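Visitor: mind looking at a prediction? Sequence and model below.
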Amino acid sequence: MPKLKAEVDELLKCGGNLLRTRGYLAVLSKKMHLTILLVSYPHFAANYAIHQGHLHIVTYLCEAGLAYKPERMMLDAASYGHLHVIKWFLEKYGNKLFPSVDPSRIERPSQSAMDRAASNGHFHVLEFLHALAVDMQANEKSGGPTCTNWALTSAATMGHLEIVQWLRKNYPTLCFSPSTTSMTARNGNLEMLQWLHHEQQVEWSSDAMDSAAENGHLSVVKWLHENCDEGCTTKAMNYAARNGHLKVVRWLQLNRSEGFTVDALDFAVNREHFEVLLFLRAHGSEECSTAAKLFAREHKQPHILTWLEDQYPDTGM
């Protein structure tokens, strides 16, 4: 037993992804190993089993006295889209799976199972829980599944358009958070942005284009430029430079007037994006900071350091 526990400890040091990617299900499926996990790592054991959809392991853990809240396990099952696990939880635990939440809140602590399903694109789970809620209401039963503003916002930012449209139809009181458009732009979901543009009560800001530029989504940047009045800030070029998105930097320089700051140069140095650095030097009057030269020296970037000293001789070090 000590040897087996040591093996599990070593696996867990490497993280759950190692267990998933190297096929350690056979290890976890052995009762002795499950006992080790149950005693020492109950939350990890439950989450892993639910993530994989292995109902026989989930059943074993619950019947063995797992110290893990049923409603928490329900959230995990909804997150991973395993409807057969959800149905088993319902048979075993009933309405205690659905604690009361405030529909107006969007913070993660108030998420419900329906929120999780919507966020991760599990439409079949969302529809099942909705049907359960409708049935309970029809029979005047208290409790039951519900969803919050988080469902609408997270589904939008993750690009689940069909789910967003369904939520708007079936839960018309839900609202998008102020950050919905910027997060959607950050993720490069152009189709979702185009749909949101025709919706009421959706907030837009310069952060949308800044975020799209930061992650290199040039098609989104162009669409926002052509269809929205909020524009961007110097963060757009600064962060695009930091992440090496030269095409975005070039387009912004040619089509927008916000420009960039010394941060763009420093970011390009720190990330060793030399082509970006060359472009910024050719199209701006800003000088790099002393910190950029120090960084290039300390991180052994002789070609960049030589270039900086040649181009910016007046910047001290």
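Guide: Now that the structure is in, tell me what you want to look at.

Visitor: end-to-end on stretch 98-111?
Guide: 11 Å (C-alpha to C-alpha, to the nearest Å).

Visitor: pLDDT on that stretch, on average?
Guide: The pLDDT scores in stretch 98-111 average 59.

Visitor: when you give positions from now on, start the count at 308
Guide: Got it, the first residue is 308 from now on, which makes the last one we talked about stretch 405-418.

Visitor: got a list of what the residue nearest to L497 when sequence neighbours are not counted touches?
Guide: Distances taken as C-beta to C-beta, 6 or more residues apart in numbering place V527 nearest to L497, at 5.2 Å, with adjacent residues excluded. Quick note: C-beta positions are derived from backbone N, CA and C, even for glycine. With contact taken as C-beta atoms under 8 Å, 6 or more residues apart in numbering, V527 is in contact with A492, G495, N496, L497, L500, M516, A519.

Visitor: recalculate using a threshold of 7 Å.
Guide: Contact partners of V527, counting by C-beta atoms under 7 Å, 6 or more residues apart in numbering, are A492, G495, L497, L500, A519.

Visitor: the second one contacts E521, correct?
Guide: No: applying C-beta atoms under 7 Å, one finds G495 not in contact with E521, separated by 10.8 Å.

Visitor: and these two? which has more neighbours close in?
Guide: Between G495 and E521, E521 has the larger neighbour count (other C-beta atoms under 10 Å), namely 23 against 18.

Visitor: the more buried one contacts N545, doesn't it?
Guide: No: applying C-beta under 7 Å, one finds E521 not in contact with N545, separated by 8.6 Å.

Visitor: A385 contacts S419, doesn't it?
Guide: No: between A385 and S419 no contact is recorded; they are 8.3 Å apart, counting by C-beta under 7 Å.

Visitor: compare these two (neighbour count), which wins?
Guide: Between A385 and S419, A385 has the larger neighbour count (other C-beta under 10 Å), namely 31 against 24.

Visitor: tell me what the strand or helix carrying the more buried one is packed against?
Guide: For A385, the host element (DSSP states H and E) is helix 377-387. Applying 3 or more C-beta pairs under 7 Å, 6 or more residues apart in numbering; DSSP states H and E, we find helix 377-387 packed against helix 349-359, helix 390-400, helix 420-426.

Visitor: contacts only, for R475.
Guide: No contacts exist for R475 under C-beta under 7 Å, 6+ apart.
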